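Engineer: Kindly return the folded structure for what I paste below:
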Amino acid sequence: SCETMPWETPAPVGPHPNVIVIITDDQRWDAMSIAGHPHLRTPNIDRLAKEGFYFRNAFCTTSLCSPSRASILSGLYAHSHGVSNNFTEYPSGFKSFPMQLQANGYNTAYIGKWHMGEENDNPRPGFDYFVTHKGQGKYFDTEFNFNGNERKVVKGYYTNVVTDMAIEWMNSRSFQQKPFLLMIGHKAPHSFYYPEEKYVHAFDHVDVQYPLSAFQLQDKPEWITKRLTTWHGIYGPLFDYRKKFPDSSPEAVKDFAAMTRAYWGTLLSVDDSVGRLYEALEKSGQLNNTVIIFMGDNGLLNGEHGMVDKRTMHEASIRIPLVMRYPLLRGERGSKGEPIVIDQQVLTVDIAPSVLDMCNVRPLKKTHGMSFKRLAKGDPSGWRNAWYYEYNYEKQFPYTPNVRGIRTDEWKYMHYPPGDGGPDEHKAELYHIATDPDERENLIDDPKHADLLIRLKSQLKQLMAAADGLPDKMPKDEGIKSGLPDPKIR
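Structural biologist: Below you'll find the model as predicted:
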């Protein structure tokens, strides 16, 4: 739902906790042990959940780094905030939850990967302290811009470097009387995957195969099969792990396995970072007065349906990790050492209204999200049972069509508009998520579901209208291309 809040509402009364928001880049929802990963152990991330909340059904509304980050900051869908690809600045006219906290007495900092405006590493509105870099940054020895004052290469592994900076900022604050917001943008686990030296061989013993769904494409739209040999397909270059491509031979799975193990390896350092931040808060006596949110910006396909990367509306692409620790909200509820699990569908556009609500600061004038503070308190009444997804075709990465779809608690429908107002040229997809979470069986042609399909299409239109998404503007789908993207933007 879209809620417009009048400025005249009285200021909320209540505590103003500190807030730390940790954002990883392209972390899958299941890439942490609390989510049941069979090999990856993340005790520090798990501890946040076990002492707080685990949001088991968290999603991004656009599975692409920059649009999703803008949605996290603003509480708005991509069509509304205007960042619809990875090359657009966060528009200056829009308001964010850091701006709102800053205007209400919070000291605010952003440290790490910003990823909105590729060549701009200057400070952005809403932050008293801002450290970032141009483009993707590097896993080792990145050049950072320190608050617009100086650029310098900081030696070391990215994850450790931004953690050092974050702890240093927290400890050196001369404003201890003021609550703070600290946002940390990790590079990990974004491609190309380079684990820290000590974790390079952490998963060498694990057998990794393509998922079964990569070989079950008979009922899928044809564009998915076309994508198999591209930059975003399992037979393509796999970022940099396969030197000779395309390669669909069974032996070539070794490249996919090497890529997957390296991806996991980068996340071990992220978990270490979470442990160090926890310890720093404990030492300073701020731990229990701090809302800690750990989340990903979008999901990642790792071979599902023969795809790598994200952008599509398939489950692995849209589901994100989300855990939160805030003792004041949890109270004495739940079993000691076990997370309070929240099963309702929570979205990236919910972060801004939720943080402001927990901080007892006035909401933004307009948001497409809802505050999950009441879910955390155990009140699910009136929560959404459906939401919609949008992604626009990119000429720079021509491997995914325009996507529009709806996900309810039980069903998912997605289709691929051509962008010129004409009829869809790609086959649509319909899944009964409740019984088929891996999206094995596309029910779009099953006449049994004709009435359901009419209802879902109608509900999708309603959701889009409620979020100012109509008329629906999008680029023309120019088809799946086989060429590689420009090396500068990979």
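Engineer: Ignoring the adjacent residues along the chain, who's closest to Tyr413?
Structural biologist: Leu456 (4.3 Å; Cβ to Cβ, 6 or more residues apart in numbering). For the C-beta atoms, the positions are set from N, CA and C on the backbone; glycine is no exception.
Engineer: quick one: the one you found and Gly405 touch, right?
Structural biologist: No: with contact defined as Cβ atoms under 8 Å, Leu456 does not count as touching Gly405 (9.0 Å).
Engineer: Now do the shared contacts for the two.
Structural biologist: Counting by Cβ atoms under 8 Å, 6 or more residues apart in numbering, the shared contacts of Leu456 and Gly405 are Tyr413.
Engineer: so what's Tyr194 up against?
Structural biologist: Neighbours of Tyr194 in contact, by Cβ under 8 Å, 6+ apart: Tyr139, Phe140, Ala262, Thr266.
Engineer: Does Tyr158 touch His133 like I think?
Structural biologist: No: Tyr158 is not in contact with His133 according to Cβ under 8 Å; the separation is 9.3 Å.
Engineer: Export only the CA atoms of stretch 208-221, formatted as CSV.
Structural biologist: Output of stretch 208-221 as CSV, limited to C-alpha atoms (Å, rounded to 0.1, in the frame of the first residue of the first chain):
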residue,chain,number,x,y,z
VAL,A,208,29.1,-28.5,-6.1
GLN,A,209,26.9,-29.4,-9.1
TYR,A,210,24.5,-27.4,-11.3
PRO,A,211,21.0,-27.4,-9.7
LEU,A,212,18.5,-29.8,-11.2
SER,A,213,16.2,-27.0,-12.3
ALA,A,214,18.9,-26.0,-14.8
PHE,A,215,17.9,-29.0,-16.9
GLN,A,216,14.1,-28.6,-16.5
LEU,A,217,13.4,-25.8,-18.9
GLN,A,218,10.8,-27.4,-21.1
ASP,A,219,7.9,-25.4,-19.7
LYS,A,220,9.9,-22.1,-19.3
PRO,A,221,9.9,-19.2,-21.7
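Engineer: Over to Arg124. Which of the three states is it?
Structural biologist: State at Arg124, reduced to three classes by DSSP: H, G, I helix; E, B strand; the rest coil: coil.
Engineer: show me where the stretch 101-250 of the chain has helices.
Structural biologist: 158-171, 222-227 (DSSP state H, counting those that start in this stretch).
Engineer: after the worst-scoring helix or strand of the chain on mean pLDDT, next one along is what?
Structural biologist: Scoring the helices and strands of the chain by mean pLDDT, DSSP states H and E places strand 3-4 at the bottom, with a mean of 46. Next in sequence after strand 3-4, counting helices and strands by DSSP states H and E, comes strand 18-24.
Engineer: Kindly provide the whole-number mean pLDDT of that next one.
Structural biologist: For strand 18-24, mean pLDDT is 98.
Engineer: which residues touch that strand?
Structural biologist: 69, 72, 101, 106, 179-186, 188-189, 267, 270, 273-274, 277, 281, 286, 289-297, 321, 351, 355, 358-359.
Engineer: partners of that strand, with directions?
Structural biologist: strand 180-185 (parallel), strand 290-296 (parallel) (DSSP bridges).
Engineer: Tell me which residues touch Leu228, please.
Structural biologist: Ile234, Tyr235, Gly236, Pro246, Ser248, Gly306.
Engineer: got a pLDDT number for it?
Structural biologist: 98.
Engineer: How about the secondary structure of Val349?
Structural biologist: Going by three-state DSSP: Val349 is helix.
Engineer: now Ser458
Structural biologist: Criterion first, three-state DSSP; result for Ser458: helix.
Engineer: what's around it, how many residues?
Structural biologist: 11 (other Cβ atoms under 10 Å).
Engineer: Ala386 versus that one, what's the distance?
Structural biologist: 11 Å (Cβ to Cβ, to the nearest Å).
Engineer: filter the contacts of Leu228 to the buried ones?
Structural biologist: Ile234, Tyr235, Gly236, Pro246, Gly306 (16 or more other Cβ atoms under 10 Å).
Engineer: Between those, which sits nearest Tyr393?
Structural biologist: Nearest to Tyr393 among those: Gly236, at 18.5 Å, using Cβ to Cβ.
Engineer: Quick check: phi and psi on the closest one?
Structural biologist: Phi and psi for Gly236, reported as degrees, to the nearest 10, are phi -80, psi -160.
Engineer: Touching, it and Phe245? I think so.
Structural biologist: Yes: counting by Cβ under 8 Å, Phe245 is a contact partner of Gly236 at 5.4 Å.
Engineer: any residues in contact with both of those two?
Structural biologist: In contact with both Gly236 and Phe245: Thr229, using Cβ under 8 Å, 6+ apart.
Engineer: any idea which residue sits dead centre in the protein?
Structural biologist: Asp297 (1.9 Å; Cα atoms, centre = their mean).
Engineer: residues in contact with that residue?
Structural biologist: Ile23, Thr24, Asp25, Asp26, Cys60, Cys65, Ser68, Arg69, Ile72, Ile320, Thr348.
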